[in-house]
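A.B. asks: Have a look at this prediction, sequence included:
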Amino acid sequence: MYYVGIDIGSTASKTAVRGDKELMFVLPTGWSSKETTITIKDRLLEEGIDVTSDEVKVVATGYGRIAVDFADYVITEITCHARGGREMAGDDCTIIDVGGQDTKVILVAGGMVQDFLMNDKCSAGTGKFLEIMANRLGVTLQELFDMARSGEVLSISSLCTVFAESEVINYIGEGKKREDIAAGVVDSVAAKVAQLAGRKNITDKVILTGGISSSTYFTDILSQKLGKRVEPTENGRYAGAIGAALLAEEKSKRRR
């Protein structure tokens, strides 16, 4: 048997497989979630996993989950991220997921979701904001973090991405150091994420998931602002897909 979790995010689509063969891969979502799901289906077939087979169970989650027309189950992001985060951090934890479109804070107690929050629709506190600012500075996301380490924080106070980008453009025009602008960008996102998480009574065990989950620099800044240690996760970007695969397995076994 194979249990497949597919997390169609706004920026990247993650797939995790459990069972006779275990693997994970990520693809850019691109403009069409539907086309991305076809690519995922073909990629799985190359690995000998036919999603149309009775020996394969699929759970879809994420922004474009309804596009996965071959899914056996469609489950919300909160449920899948909580299950994946619980696998990484245990039954009592707080999961902070900084995604491309939104940021989620999920509180898990006794292995169950107790509460959650999502940010407002503006992308200023998300991974997309970091990508936009990295592009504006002409660097990759990793280079943005590397530059920020050696910079002095410049204040970026706007809550809107458009206005925040204008602040960055003004700094560039004033001849400010890129390292200082980068530090301001990362600090701004961490502050917004911490503000969101601070609205709940988060647990002592806190992990970061999403596309920047392996960044020790970002987790260090976020930890300072939260007053609690936030742990980076090696496979945190796959949390939703891993949770979906686990739920596919659990649902399949219950049905038997």
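C.D. replies: Done, it's in. Numbering: from 1, shown residues only.

A.B. asks: now the strands: where do they sit in the chain?
C.D. replies: 2-8, 12-19, 23-28, 56-61, 73-74, 93-98, 103-109, 112-118, 206-210, 230-231 (DSSP state E).

A.B. asks: how about these, which one is nearest Val168?
C.D. replies: Among the strands of the chain, strand 93-98 comes nearest to Val168, with 19.0 Å by CB to CB. C-beta: built from backbone N, CA, C; applies to glycine.

A.B. asks: Name the residues that touch the closest one?
C.D. replies: 81-82, 85-86, 89, 103-108, 125-127, 189, 193, 197, 200, 202-203, 205-213, 222, 230, 239-240 (CB atoms under 8 Å, 6 or more residues apart in numbering).

A.B. asks: most neighbours per residue, which of the strands of the chain?
C.D. replies: strand 2-8 (a mean of 29; mean count of other CB atoms under 10 Å).

A.B. asks: Would you give the sheet partners of that one, along with the direction of each?
C.D. replies: strand 12-19 (antiparallel), strand 56-61 (parallel) (DSSP bridges).

A.B. asks: and the angle for that strand with strand 23-28?
C.D. replies: Angle, strand 2-8 to strand 23-28, by axes from the mean of the first three to the mean of the last three CA atoms, to 10 degrees: 20 degrees.

A.B. asks: Quick one, which of the strands of the chain gets closest to Arg255.
C.D. replies: Of all the strands of the chain, strand 56-61 comes closest under CB to CB, at 9.3 Å.

A.B. asks: what does the average pLDDT come to for that closest one?
C.D. replies: Summarised as a single mean, pLDDT over strand 56-61 is 97.

A.B. asks: Count the residues that sit near Arg237.
C.D. replies: 25 (other CB atoms under 10 Å).

A.B. asks: Please name the residues that touch it.
C.D. replies: 12, 14, 26, 209-211, 213-214.

A.B. asks: And those residues, which is closest to Ile49?
C.D. replies: Lys14 (15.5 Å).

A.B. asks: Hmm, that closest one is touching Val26, no?
C.D. replies: Yes - in this structure, Lys14 is within contact of Val26 by CB atoms under 8 Å, at 5.0 Å.

A.B. asks: so what's in contact with these two at the same time?
C.D. replies: With CB under 8 Å, 6+ apart, Lys14 and Val26 have common neighbours 237-238.

A.B. asks: Give me the neighbour count for Thr79.
C.D. replies: Thr79 has 18 nearby residues by other CB under 10 Å.

A.B. asks: How about the one 4 residues further on?
C.D. replies: Residues within reach of Arg83, counting by other CB under 10 Å, total 25.

A.B. asks: try Thr36
C.D. replies: 22.

A.B. asks: My guess is it contacts Leu27. True?
C.D. replies: Yes - taking contacts as CB under 8 Å, Thr36 lies within contact range of Leu27: 6.1 Å.
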